[in-house]
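Visitor: Quick one, structure for this:
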Amino acid sequence: MTNDFIFAINSIDFDENYHPSDNTRATTNFANLARGASRQQNLRNTLMMINNRFNALAHWDNPKSNRYSVELDIISVDMKINHQGTESSFPAIEVLQTTIVDHLNNKRIEGILGNNFSSYVRDYDFSVRLKEHNKGQTKFSVPSDFGELHANIFKSFVNSDAYQKNFTKLPVICLSVSDNKIYHRTGNEHPILGVEYQPNESSLTEQYFKKMGLAVRYFMPPNSVAPLAFHFFGDLLSDYTELELISTISTMESFQKIYRPEIYNANAVAGEYYQPSLQNPDHSLTQVFYDREERNKLALEQGKFTEENFIKPYQGLLEQWSAKHAA
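Guide: The predicted structure follows:
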């Protein structure tokens, strides 16, 4: 049973010449930018936003705000499936790896793995399984084992030989805050992560990532307008250097300004009590175009793709494997 699933890792540069692979989810942040007639300008503008934000946060010994740049690699994780003598592969996870280039010292510094988090199985859970579970129900509910298969896939990957050989630190996933929760500013402030917020209650996404073994804290970095959700193992504040944390903030805040400008490119800063809103009209748009309506429709298509090509064909095997992993 232990050899039924093996993880294989591939890497591709995310730069202005990036083209999404056939296995990449079309709704993934970086893939969505690299489509259409404006794809190359989208990519250039996004990378410029990331570099400018990085230098603004890493301002010490950086008088011209051009000392650093960030390079991004898309890390694709395939599950190699050996079942009844037949081998196949399914695209399980995609994340981003940051590398910091210090132009003053001509040095490359390994950044944080994770940042963005892309998963076909998560599409299936939220867009297919959750909807089917609540079909015809008057009150919303969540299946008792919701997210467990996905969680076990993720934890198995992080504990795998492939992960240990390729990465030195555990991943940090940085997401948007929930637009149906209220966040309260605390008295805690970190020099890089900024002011800490706490939600009034746990969101479904937070619970989903908790099953993956990840804790969460919410921080609004200096000169930001809304907090970000940082999902992590261990101790976020002491396990990573200042430059590593800045690489994640600059990358994911830039993506969120593009995808959720109502929250992350708002013209007013989050107050002591803050409820994000995607209907906030008082915001500015970036110079990067994307189609959010199309993105929402594609999530359902990707969930159905996962059901037909992964969940149904290997259901028995997946249930056995997941149960054994959980035990």
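Visitor: Can you list the strands that the helix or strand in which E87 is found pairs with?
Guide: Using DSSP states H and E, E87 falls within strand 86-102. Applying DSSP bridges to the sheet, strand 86-102 is found paired with strand 68-83 (antiparallel), strand 107-118 (antiparallel).
Visitor: and those strands, which one's lowest on average pLDDT?
Guide: Per-segment mean pLDDT for those reaches its minimum on strand 68-83, at a mean of 92.
Visitor: how about the helices in the stretch 101-250 of the chain?
Guide: 120-123, 130-134, 148-158, 161-166, 204-211, 242-259 (DSSP state H, counting those that start in this stretch).
Visitor: Show me how far the fifth one is from its chain's centre.
Guide: The offset between the C-alpha centroid of helix 204-211 and the centroid of the whole chain comes to 13 Å, using C-alpha atoms, centre = their mean, to the nearest Å.
Visitor: For it, buried residues please.
Guide: For helix 204-211, burial by neighbour count (16 or more other C-beta atoms under 10 Å) applies to 205-206, 208-209, 211. Every residue, glycine included, has its C-beta placed from N, CA and C.
Visitor: Using CSV, list the CA coordinates for stretch 139-151.
Guide: Output in CSV follows, covering the C-alpha atoms of stretch 139-151 (Å, rounded to 0.1, in the frame of the first residue of the first chain):
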residue,chain,number,x,y,z
LYS,A,139,-29.5,24.1,6.5
PHE,A,140,-25.9,24.1,5.3
SER,A,141,-23.7,21.4,6.7
VAL,A,142,-20.3,19.8,6.1
PRO,A,143,-19.6,16.1,5.7
SER,A,144,-17.8,14.6,8.8
ASP,A,145,-14.8,13.5,6.7
PHE,A,146,-14.7,16.7,4.6
GLY,A,147,-11.2,17.4,3.5
GLU,A,148,-9.5,14.4,5.0
LEU,A,149,-8.3,12.8,1.8
HIS,A,150,-6.9,16.2,0.7
ALA,A,151,-5.3,16.7,4.1
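Visitor: Pull out the buried residues from that stretch.
Guide: Buried residues in stretch 139-151, counted by 16+ other C-beta under 10 Å: 146-151.
Visitor: so for that stretch, what's the average pLDDT?
Guide: On average, stretch 139-151 scores 93.
Visitor: Touching it from outside, list them.
Guide: The set of residues external to stretch 139-151 that reach it, using C-beta atoms under 8 Å, 6 or more residues apart in numbering, is 119, 121-122, 125, 129-130, 133-134, 204, 207-208, 211-213, 318, 322, 326.
Visitor: Filter those down to the buried ones, ChimeraX style.
Guide: Buried residues within the contacts of stretch 139-151, by 16+ other C-beta under 10 Å, are selected in ChimeraX with:
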select :119,121,122,125,129,130,208,211,212,213,318,322
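Visitor: Kindly check the end-to-end length of stretch 134-151 for me.
Guide: 21 Å (C-alpha to C-alpha, to the nearest Å).
Visitor: Next up, phi/psi of S65, please.
Guide: S65 adopts backbone torsions of phi 50, psi 40, taken as degrees, to the nearest 10.
Visitor: and what of L104?
Guide: Dihedral angles (degrees, to the nearest 10) for L104: phi -70, psi -40.
Visitor: since we're on it, how many residues are nearby?
Guide: 10 (other C-beta atoms under 10 Å).
Visitor: if I pick it, what's in contact with it?
Guide: 61, 67.
Visitor: if we can go back for a sec, which one of the helices of the stretch 101-250 of the chain lies nearest to M49?
Guide: Among the helices of the stretch 101-250 of the chain, helix 242-259 comes nearest to M49, with 4.2 Å by C-beta to C-beta.
Visitor: Just the angle for the closest one relative to strand 86-102, thanks.
Guide: Helix 242-259 runs at 110 degrees relative to strand 86-102, counting by axes from the mean of the first three to the mean of the last three C-alpha atoms, to 10 degrees.
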